[in-house]
Structures are given as C-alpha cells and as structure tokens.
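Chemist: need the 3D shape of this:
(chains A and B)
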Amino acid sequence: MDRRNFLKTAGVACATAAGARSAAADTQEHKPEEFIGVLVDTTRCIGCRSCEVACAMAHNMPVPDPKTDGALEAVRTTSETAWTVVNRFDTDAGEVFVKKQCMHCWQPACAAACLTNAMKKTETGPVIWQSDKCMGCRYCMISCPFDIPKCEYDHWNPRIQKCNLCWERLQEGQRPACVTSCPTDALTFGTKRELMEIARKRIYTNPDKYVHKIYGEFEAGGTGWLYLSAVPFEQIGFRTDLGTTPYPEYTRDFLYAVPVVFFGLPALLYGLSQLTDRDGSGTGPDPKVVAETTDHQAAH
Amino acid sequence: MSATHTSPPVQGTFRFIWNEMKPRPPFWTPFNMISIPIIVVGMVILVYRFIYGLGSVTNLNQDYAWGVWKGFNVITGVAFAGGAYALCFTVYVMRLEKYKPIIRVTVLNGFLAYVFYAGALILELGRPWNILNPIIGNDFGYNSVLFLVAWHFLLYIIAQFLEVSPVVAEWLDAKKAYRVLYAMTLGLVVFGITLSFLHQSGLGALFLMAKPKIHPLWFSEFIPILFFVSSIFAGISLVIVEGTLSGRYLKEHIGIPEAQSRAILFGLAKGAAIASFAYYFFKLLLFLHEGHWDLLGTGWGLWYLVEVFGLTLLPCLLFALGYRHRSLGIVQTAAWLSLLGVLINRLNVSLIAFNWESVNRYYPTWMEIVVSLTVVLVEVWVFRWFVTRMNFYPRPRAARAHTADGVPAARLVETA
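Modeler: Reported below is the predicted structural model:
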C-alpha cells in the first residue's frame, strides 16, 4: 500500500470510528451515574442468614446451613469463603442481628492502594476485584479500614475475596442476591440518594425506635452500604473511630509531593555537585579515583 | 587472586567468567558450613511455597497480610541499604575524597540489597506472575503509593546496576565500556539519590492508610519522614558493620590503610550520630505534639520507650562518645544497636504494633525465618563473590606498590 492510499484508508477508518461513536452516544441516554448501595435496617433483621446462603450460591462458595451450623454463637468476620456473614449481638435493646460485608466505600482505600487497579471502583459504585490484574501484594488488606479483603493463602494462585455487590447480576439488570433473598425487607437496594431519603424518613417517623445516625453516611468518606440501628453502633460491632476523611486522602499529600521532589531534588543535587567541583573537572567526579582503582589492573 | 586477571583475551571472556564463577578455597569455613544447610532448606521451603501457596509455610492470616518477608526483608532490608545513597551524596555531590575508598563497595552493597530485599517481595506476592502489570500498564495504579515504590525499586536497581557496572567492565578489561559507563556516574547518582529519597519515605507512606490499625504511639502522618531520616543512619550503621566484618574476614582483599580506614569510620560515626539525633528529636517532637502520655504506662508504652531511648537515643550517644574518644569498639557497638533499633522500628510499624488489638496475632513460622535468613545469606555469598573477584575495594599495598603509571601507593593515605 502506498502512502496516499494508506492516508485515505486511515482517514476513512477514523471517520467511521468517530461516526460509530457519536451514533452510539445518541442511542444511549446520557445521565450522570449515581452510586448504588444497600440500606440495612438492623431492626428488621431476624438472623435467618438467607443472605449468606444466597451469596454463597451466587458466587460458588461453600453454602452454609443456618439451621444446624450454630454459626451465630460466635462473632464472625467475612472470610475467603464467605463474602457476607450475619452476627448476633446482645445489646441494651436485646438481640440484634447485623449483616457484614464490603461497605463499597465512595473513595475506597483498597482501590487507592492497588498498584494495578485490580481493585476497582466501578462507575456505578460496586468495588470489584479483577483477577487478571492482581499480583497478590495484599496492600488492599493492609489499607482497608473495615478489614474486608481476604486472601486465599492456601492456594498456589490466590484470589482476593470480598463482596462485589453482585456486579455480574447488576450487569444483567438483577439486584444483588442477598437483597432478593431477604424475607423481612431488612435490605433495600437503590442509589445512595434514594437510600438516604428512606433511611431519614424511617428515623423521622420512628424517632424513638432508631438512634439518630446512619452508619455509612460519612464513615471513611461515605460508603455504599448504610445501616440503621436501634442501639449505638459500638454495641453491634461497628468501628466508630474511623473518621469521615476518605482514606485515599491520607496518602494524597505524599503523592502530590512526588513530582516536586522528582524534578526539584535532581536540580538541587546536580547544582550542588557543580558548586563543589573545585578543580573544574566538570561533569564527572575526580577521575583520580579511577586511576587508583584501575592502576593495579594495569600492573598485571 | 591477582593471577586471574592475567589473560582474559586469550582464554576468551566466557571462559574467564566461567573460571571466576568457581568457588575458591578455603571452602570449609564456618560461614559456609552454617549458611549452606540454611540456604538448601530455604530453597526447599520456597519450592513448597510456590506449589502449595503461602499458607503452607507461613503464619500469615487475614489480619496480618504482610509477614516477616515483607517487614524484615523488604522494609528493613531497604532501610539498611540506605548507605549507598548517603555515601553517593557525600562522595559525588559533596565531593568528599575521604570516603572514596569505600564508595564502590557501598554501592555494590546497596545494589545487592535491593536485588535481594526488594526481590524478596516476589516471594511474598500471591500472584508473582502478574508482577509486570504495573510496569506494562495492566493497569498503571497511579494513585497507589505501592505503584510509586515498585517503579522506584525497579529504576533504582537499574541505576545502581549501572553505577556498579564500571567495576564489572574493568574486571572484564573492557576499557571502552568502562569509559562510557563511568561517564554516566554523576547523572546516575543524582537520579539514584532522588529515587532513594522517594521510596525510602514511600515505604513509610505505605502505612498512612493503615491509620486505624497501627498503635497510636507508632502511627504518625509523618511516617514517611521518619522512615527516610532513619534510613540515613541505618545505612551508615550498616556500612560500619559491613566494614568491620569485611575487615576481619576479607582482610587480604582490602588495601585501605589503617589510618584512613579509622578516619572513614569515625567520620561515619559522626554522621550517624547527627542523623540519629535528628531522628530522635523529631520522634520526641511528634510525641509531645500527639501527647499520648497516658499510653506510656501500658506495656506498649514501655516497648515504645525501649525503642526510643534504648535503641535510638542510646546508639546516638554511643556514636558521639565513640567519635569523641576515637573508640572503634564503642562505634561498632553503636552501629549494631542502631541497626537493631531501626529493625525494631520497622517491625513495630509493619507487624508488632500493626493490628495491635487483633486476637489473631501473627508469629512467623520457623520456615518463614529460614527463608528470611536464606535471602540474607545468599546475598552475602553473592557479595563475597563480587568483592573477591573485582576491584570493589582498593587493593592491598602489595598489589599497588608497582603501579604502571607510577601513582604513589601512599596516595590514599595522603588524601585522608
């Protein structure tokens, strides 16, 4: 192909691509994406653990048997084979059941920590893990303030395991498995804006039933999962000392300083080395040291 | 030893290298006898680890995602390698002739430390076959401190390799390559110091997001600065310790006159005293600023005081005392203590005071410790191979007495 033809072809190809893109843009409704999440009303949860079963079935993990395994006896954390667990707490208001899973932070520490973007905040909100990118450094586990990502240590090619808010089901237009399985409507799926309205409405209409706080509204910069409770959140296994700063902010100043150092320091060092250059040897250090160390070789 | 340089062109370069690879007598030394079994066992454990997963040999758990391979080999090992940039600054930027005799060996030490200790990261990765992802762009995680550290490790290893390469060229008698590589030194040094500054502090910055997990006596938003400053005197201390050990076990390869080696040592001691005092003072200011007086009465407080007074201030004062009284023994003690202090500090931040409230405490298995030692011992073997074959030290007086161009053998003494 000669040059003229090549240019022609390339031009046509570009035009086609541009046309295709604008056509696609026209057909898609262009609305700003809103982050989605789930509201957990712990006053409605009866501890049936249907959500655990549904989650395990949806993600090919060992399915628990809530009737016989007695797992509510101890407080559990999520694990590499259980993306969500329900715990029982004895509180001032009696027995309270709390579902635990990834909080899907608005600005996730795990995603900011990930050096390959294997841990990724998707446009609609779920934080997902991508196996083809992950190198297994586990910095996400170090960084997550909720201690959610878990590693399959006993496998030669370990995966990082955590709730992905049923990303694959969302793609098909379905709701997360745990939400659909909940028999008491303790779990509500929606955009965070909608969920906040529902949560506030419940507090306003039942001011004596709930503590006047929505966990996840501001915690760690705000999370996709929100919780309502009848008792202070400390009593039902939540950390309330995590602050409201998004976790990536803690490393931002350091990262912003990098370009300053990266271009400023060499200038300073190189300048200094010229100032200290007493015998005018210029670019390199005194070559005498070379003579000293090479002379013995010459001697042989 | 000196006979090996006689006829590389005749033998052919490859034959020459092959001959140089062979171990030299004496082989049955105590170090070899102790290190070989450990290395063999370590290798077996590593094979096992790559087949059956990290869980088969380590005590890593979901609360302690990083163990001793990271906390000791990578995070502490890299701090100990800080001597290379500190001395490069002194010799090439400040042009202090006094430290020239040890600059080559210190850069070699830094290079090997990075190859092995930053390399130990690979052992700890769950999916090491994906290690090139942040380099080839699958994906570039720009917003990650670890992305920065990984790139800087890689670039620094390359820079240090090139800094060491003139010595290798000299060994292969490649004069042209030597000149080209040597001409790059200043640029590499400037680049290398910048990278060191960023990734030494970057290793500290890794823990900034672990704020709720690290005991308040050890967490500070200034961890990056603490890590950088402590890497200066940790690096200098390692140069002193390495010099002491090489002076004892590799004596016949080193031709630094006694007077100059003392001058170098006490100069280093003075530098370490000042750097560690700056570090101590900064730690003190941070403590006063945070005001965790109530925590000092706890067990953690006691452990903190041990680190700050016993393993930071004490070695600092010993360095000063050793310098003042020109006492080798005191300086060497200070260097060992100082290294211990930095080791304890790094382990505190990454393991001991990390997730301090966790019930799943992490204690390394014997296998993790053997692998950690294997990494160190293999590095020592490789280091010994380099310094006994190439001119990393100025040669002994006997070798320098009859130099071809008549450079007086006493020059090194004069410049001291």
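Chemist: residue contacts, the residue of the stretch 101-250 of chain A found nearest chain B?
Modeler: Scanning the stretch 101-250 of chain A for the residue nearest chain B gives residue A:136, at 2.3 Å (criterion: C-beta to the nearest C-beta). All C-beta spots, glycine's among them, are computed from the backbone N, C-alpha and C. By C-beta atoms under 8 Å, 6 or more residues apart in numbering or on different chains, residue A:136 lies in contact with A:151, A:158, A:160, B:125-128, B:130.
Chemist: tell me the one of these nearest residue B:233?
Modeler: residue B:125 (30.2 Å; C-beta to C-beta).
Chemist: buried ones in stretch B:26-41?
Modeler: Within stretch B:26-41, the residues that count as buried by 16 or more other C-beta atoms under 10 Å in any protein chain shown are B:35, B:38-39, B:41.
Chemist: nearest to chain A among the residues you listed?
Modeler: Among those, and counting by C-beta to the nearest C-beta, the member closest to chain A is residue B:41, at 20.5 Å.
Chemist: so which helix or strand takes in the closest one?
Modeler: Assigned by DSSP states H and E, residue B:41 belongs to helix B:30-52.
Chemist: just residue B:187 next, same as before
Modeler: helix B:185-205.
Chemist: helices and strands around that helix, which ones?
Modeler: With contacts taken as 3 or more C-beta pairs under 8 Å, 6 or more residues apart in numbering or on different chains; DSSP states H and E, helix B:185-205 sits against helix A:249-275, helix B:77-80, helix B:83-88, helix B:145-171, helix B:223-249.
Chemist: returning to that earlier point: by contact count, what packs against the helix holding residue B:41?
Modeler: Under the contact criterion of 3+ C-beta pairs under 8 Å, 6+ apart, helix B:30-52 touches helix B:366-389.
Chemist: and the helix it packs on, what's buried?
Modeler: Judged by neighbour count using 16+ other C-beta under 10 Å, the buried positions of helix B:366-389 are B:367-368, B:370-379, B:383-384, B:386-389.
Chemist: okay, the angle between it and helix B:145-171?
Modeler: Interaxial angle, helix B:366-389 versus helix B:145-171 (axes from the mean of the first three to the mean of the last three C-alpha atoms, to 10 degrees): 30 degrees.
Chemist: pLDDT score for residue A:270?
Modeler: Residue A:270 carries a pLDDT score of 92 in this model.
Chemist: what about it, how many residues nearby?
Modeler: 17 (other C-beta atoms under 10 Å in any protein chain shown).
Chemist: which residue, other than its chain neighbours, is closest to it?
Modeler: Excluding the flanking residues, the one nearest residue A:270 by C-beta to C-beta, 6 or more residues apart in numbering or on different chains is residue B:190, at 5.1 Å.
Chemist: how about the residues of the stretch 101-250 of chain A near chain B?
Modeler: A:109, A:111-118, A:132-139, A:141-143, A:145, A:147, A:150-158, A:239, A:241-243, A:247-248, A:250 (C-beta under 8 Å from any C-beta of the partner chain).
Chemist: now, these that are in strands?
Modeler: A:150-151 (DSSP state E).
Chemist: narrow the residues of the stretch 101-250 of chain A next to chain B to those that are buried.
Modeler: Buried, going by 16+ other C-beta under 10 Å: A:109, A:111-118, A:133-139, A:141-143, A:145, A:147, A:150-153, A:158, A:242-243, A:247-248, A:250, out of those.
Chemist: quick one, what contacts residue 222?
Modeler: Because you didn't say which chain, this covers chain A. If a contact means C-beta under 8 Å, 6+ apart, then residue A:222 has A:105-107, A:192, A:216, A:244, A:246 as its contacts.
Chemist: other chain: chain B
Modeler: If you count contacts by C-beta under 8 Å, 6+ apart, residue B:222 has them with B:282, B:286.
Chemist: quick check on it: phi, psi?
Modeler: With angles defined as degrees, to the nearest 10, residue B:222 sits at phi -100, psi 10.
Chemist: hang on, the earlier thing: could you check the angle the helix holding residue B:41 makes with helix B:223-249?
Modeler: For helix B:30-52 against helix B:223-249, the angle by the same axes, to 10 degrees is 140 degrees.
Chemist: coming back round to it: these two touch, right, the residue nearest to residue A:270 and residue A:273?
Modeler: Yes: contact criterion C-beta atoms under 8 Å: residue B:190 and residue A:273 qualify, at 7.2 Å.
Chemist: pull up the overlap in contacts between the two.
Modeler: In terms of C-beta under 8 Å, 6+ apart, residue B:190 and residue A:273 are both contacted by the residues residue B:93.
Chemist: more neighbours: which of those two?
Modeler: residue B:190 (24 against 20).
Chemist: quick one: contacts for that one?
Modeler: Residue B:190 neighbours (C-beta under 8 Å, 6+ apart): A:266, A:269-270, A:273, B:93.
Chemist: so who does residue B:279 touch?
Modeler: B:226, B:229-230, B:233, B:312.
Chemist: give me the pLDDT value at it.
Modeler: In this model, residue B:279 is scored at 97, pLDDT.
Chemist: doesn't it belong to a helix?
Modeler: Yes: counting by DSSP: H, G, I helix; E, B strand; the rest coil, residue B:279 is part of a helix.
Chemist: hang on, isn't residue B:369 packed against residue B:68?
Modeler: Yes: Residue B:369 lies in contact with residue B:68 (C-beta under 8 Å); the separation is 6.8 Å.
Chemist: so, low pLDDT: which residues of the chain?
Modeler: Picking chain A for this. For chain A, the stretches flagged by pLDDT under 70 are A:1-32, A:280-300.
Chemist: um, chain B though
Modeler: B:1-11, B:397-416.
Chemist: spatially central residue in it, please.
Modeler: Per C-alpha atoms, centre = their mean, the C-alpha nearest to the average position across chain B is that of residue B:81, at 2.2 Å.
Chemist: and for it, nearest residue in space, chain neighbours not counted?
Modeler: Nearest non-adjacent residue to residue B:81, counting by C-beta to C-beta, 6+ apart: residue B:113, 3.5 Å away.
Chemist: that older thread, disregarding residues adjacent in the polypeptide, which is nearest to the residue of the stretch 101-250 of chain A closest to chain B?
Modeler: Nearest to residue A:136 is residue B:126, by C-beta to C-beta, 6+ apart, at 2.3 Å.
Chemist: and the one you found, what does it touch?
Modeler: Here residue B:126 is in contact with A:134-138, A:151-153, A:157-158, B:53-54 (C-beta under 8 Å, 6+ apart).
Chemist: ok, the residues you listed vs residue B:179, which is closest?
Modeler: Nearest to residue B:179 out of the contacts of residue B:126 is residue A:135 (C-beta to C-beta; 39.6 Å).
Chemist: show me what contacts the nearest residue to the closest one once chain neighbours are set aside?
Modeler: The shortest distance from residue A:135 to any residue other than its chain neighbours is 4.0 Å, reached at residue B:130 (C-beta to C-beta, 6+ apart). The contact partners of residue B:130, taken as C-beta under 8 Å, 6+ apart, are A:116, A:132-136, B:138.
Chemist: what's around residue B:46, how many residues?
Modeler: 17.
Chemist: find the helix or strand that the residue nearest to residue B:81 is a member of.
Modeler: Here residue B:113 is assigned to helix B:100-113, by DSSP H and E.
Chemist: hmm, back to that, tell me the phi and psi of the residue nearest to the centre of chain B?
Modeler: Dihedral angles (degrees, to the nearest 10) for residue B:81: phi -80, psi 10.
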